[in-house]
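Visitor: Return a 3D structure for these sequence lines:
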Amino acid sequence: MQFKGRYGMRRNDMKLGLFLVQAGHHEGAWRDPNVPATGGIDIHHYAQMAALAEHAAFHFVFLADCPCVLERDHAHIARVSRNDGFEPLTLLSALSSRSHNIGLVATATTTYHQPYHLARMFASVDHLSQGRAGWNIVTSGAKFEASNFGDKDLPDHDLRYARAREFVQVVKILWDTWEDDAFIRNKQSGIFADTTKLHLPDHRGNYFSVRGPLNIARPPQGYPVLVQAGASDAGVRFAAELAEVIFTSAPSLAQGKRYYATLKEEARGLGRDDDEVLIMPGIIPIVGRTKQEASDKLQRLQSDTHIDVQMGLAERLLGFVIDLRSVNLDSLVPETLPQTNFTQSIQKLLLELAGQKKFTWRQLIRHISDSRTTSMVVGTPDEVADIMVDTFDQRAADGFNVMPATVPGGLKDFIELVVPELRRRGKFRSGYCGQTLRENLGLKRPLNRFTERM
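Guide: Numbers count the residues shown, from 1 in each chain. You can find the predicted model right below:
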């Protein structure tokens, strides 16, 4: 059954993306005997994961990115597996020829790129994949990014979002510089391009000066699907205005419902319909045929995660505002910490969670090591499906960004055990309904702004 709200029809099937990292999302994943130690730089490993997800009719594969080593000391760097992996757009270009239906979404920062570069690269991936590309728009929020690009510190948090807003506007104009049928390629007449269908952006703004035009045809989707994950006040405004898919962290159903309602309301205020803005919180499923089997899987991962990794990750996600080696780990986490200029929404979410659950520092550090700010569900297929369906039905999600704790094992468990249960309940599709990522997500193909004005 579909249900109709005030703002139109909501489809009754959830969207599923695969959030893929080298070994899996648990910090101890790379030590699992069944996880390839060299997976981060093995195209066959990634192609296998994409093929599994495509066979299960996932909507897309998603790759995160940060152009720096995130950890600040050698004790932490020595024990993590995430500093040996492909640049996402390069990897998606390779995967475009090894897949047929599944969407390909990559992260790229607006802080340390130029609009022309990213417009050209994402248009290329969209053409290579015949319309399956998506761009996860981020502003840099990691401590050590700035020094890789000649800066001492990151720009101010809100300034990064102001720059990002103009950045996206410029990229979209560049994608529109050629009309869809501008390249006629007529060998008899000798005319390759109809220049009456060429439009110069000639953008002059606060942050960018870009003449254009782009030197590749308009992407098959018009624009690759625009994805965003901000949860700060600035991030929510940005997502409501520009994003079509929003990744979010929702450790509880109440928080998820609150975020969902806030984001949708803000988008409506900007004249957007509910089905133009898809909210997909992350979920880490650890699935067993019995509850004990699932719990044992988590316990093995925990035992493989060194305390240096746990504490280093917690310090980073809290914004590097505290040295955890100097605190009493059995004391309660305080209500506030100094504000960070890095990822503010994550710090806020973790402090709220610690307050609600009365966490000690030791408990918060373990929680962060297991799931960061994401909802982790440890249980049987029925229990995992129950949580997903309840979250979807109560309007806290339009779908989920599935984050296997290990790959390939955790992904196979989810596909073999949970996906059939979701289908049995009528909540997830059994095949692809369109050719492009937009079509499969139910998103409209944007009109060219220049022809729209004619």
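Visitor: What are the boundaries of the strands in the stretch 301-450 of the chain?
Guide: For the stretch 301-450 of the chain, applying DSSP state E, counting those that start in this stretch gives strands covering 375-379, 399-402.
Visitor: Please save the CA atoms from stretch 204-216 in CSV.
Guide: Coordinates of the C-alpha atoms in stretch 204-216 are reproduced here as CSV (Å, rounded to 0.1, in the frame of the first residue of the first chain):
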residue,chain,number,x,y,z
ARG,A,204,31.6,36.3,-11.6
GLY,A,205,30.8,35.7,-7.9
ASN,A,206,32.2,36.1,-4.4
TYR,A,207,34.5,33.0,-4.6
PHE,A,208,34.7,32.0,-8.3
SER,A,209,35.3,33.5,-11.7
VAL,A,210,34.5,31.0,-14.4
ARG,A,211,34.0,31.8,-18.1
GLY,A,212,33.2,28.3,-19.5
PRO,A,213,32.0,26.5,-21.5
LEU,A,214,32.6,22.9,-20.4
ASN,A,215,34.4,20.8,-23.0
ILE,A,216,32.1,17.7,-22.8
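Visitor: The closest residue to K291 other than its chain neighbours: what's it in contact with?
Guide: Using Cβ to Cβ, 6 or more residues apart in numbering and skipping the chain neighbours, the partner closest in space to K291 is G379 (5.5 Å). C-betas here are computed from N, CA, C, even on glycine. Listed by Cβ atoms under 8 Å, 6 or more residues apart in numbering, the contact partners of G379 are I286, V287, G288, K291, A294.
Visitor: that older thread, out of the strands of the stretch 301-450 of the chain, which comes closest to G222?
Guide: strand 399-402 (21.9 Å; Cβ to Cβ).
Visitor: chain center to that closest one: distance?
Guide: Taking Cα atoms, centre = their mean, to the nearest Å, the mean C-alpha location of strand 399-402 is offset from the chain mean by 10 Å.
Visitor: Can you spell out which helices and strands pack onto that strand?
Guide: Under the contact criterion of 3 or more Cβ pairs under 8 Å, 6 or more residues apart in numbering; DSSP states H and E, strand 399-402 touches strand 15-19, strand 278-287, helix 381-393.
Visitor: Contacts made by that strand with the rest, please.
Guide: 14-19, 58-59, 62, 247, 278, 280-283, 285, 388, 391-392, 411, 414.
Visitor: returning to that earlier point: ok, the contacts of G379 vs L70, which is closest?
Guide: For these, the nearest to L70 is I286 (23.8 Å; Cβ to Cβ).
Visitor: I figured the closest one was touching R300, is that so?
Guide: No - taking contacts as Cβ atoms under 8 Å, I286 lies outside contact range of R300: 10.3 Å.
Visitor: Can you pick out the residue with more neighbours from these two?
Guide: Neighbour tally, I286 and R300, criterion other Cβ atoms under 10 Å: the higher count belongs to I286, 25 against 15.
Visitor: closest to F86 out of the strands of the stretch 301-450 of the chain?
Guide: Smallest distance to F86 across these (Cβ to Cβ): 19.4 Å, for strand 399-402.
Visitor: so where's the stretch 301-450 of the chain uncertain?
Guide: By pLDDT under 70, the stretch 301-450 of the chain has no low-scoring segment.
Visitor: If we use 90, what do you get?
Guide: For the stretch 301-450 of the chain, the stretches flagged by pLDDT under 90 are 316, 319, 339-346, 348-349, 352-353, 371-374.
Visitor: so how far is R82 from the closest residue to A243 other than its chain neighbours?
Guide: Nearest in space to A243, with sequence neighbours left out and distances taken as Cβ to Cβ, 6+ apart, is Q228 at 3.6 Å. From Q228 across to R82, the span is 22 Å (Cβ to Cβ, to the nearest Å).
Visitor: The two - which one has more neighbours?
Guide: Taking other Cβ under 10 Å, Q228 and R82 do not tie; Q228 has more neighbours (25 against 17).
Visitor: So G39 sits against H45, correct?
Guide: Yes - G39 is in contact with H45 according to Cβ under 8 Å; the separation is 4.1 Å.
Visitor: which residues does the residue nearest to the spatial centre of the chain contact?
Guide: Closest residue to the average C-alpha location of the chain: F247 at 5.3 Å, with Cα atoms, centre = their mean. When contacts are counted by Cβ under 8 Å, 6+ apart, F247 touches F19, F62, N136, V227, Q228, A229, M280, P281, G282, N401.
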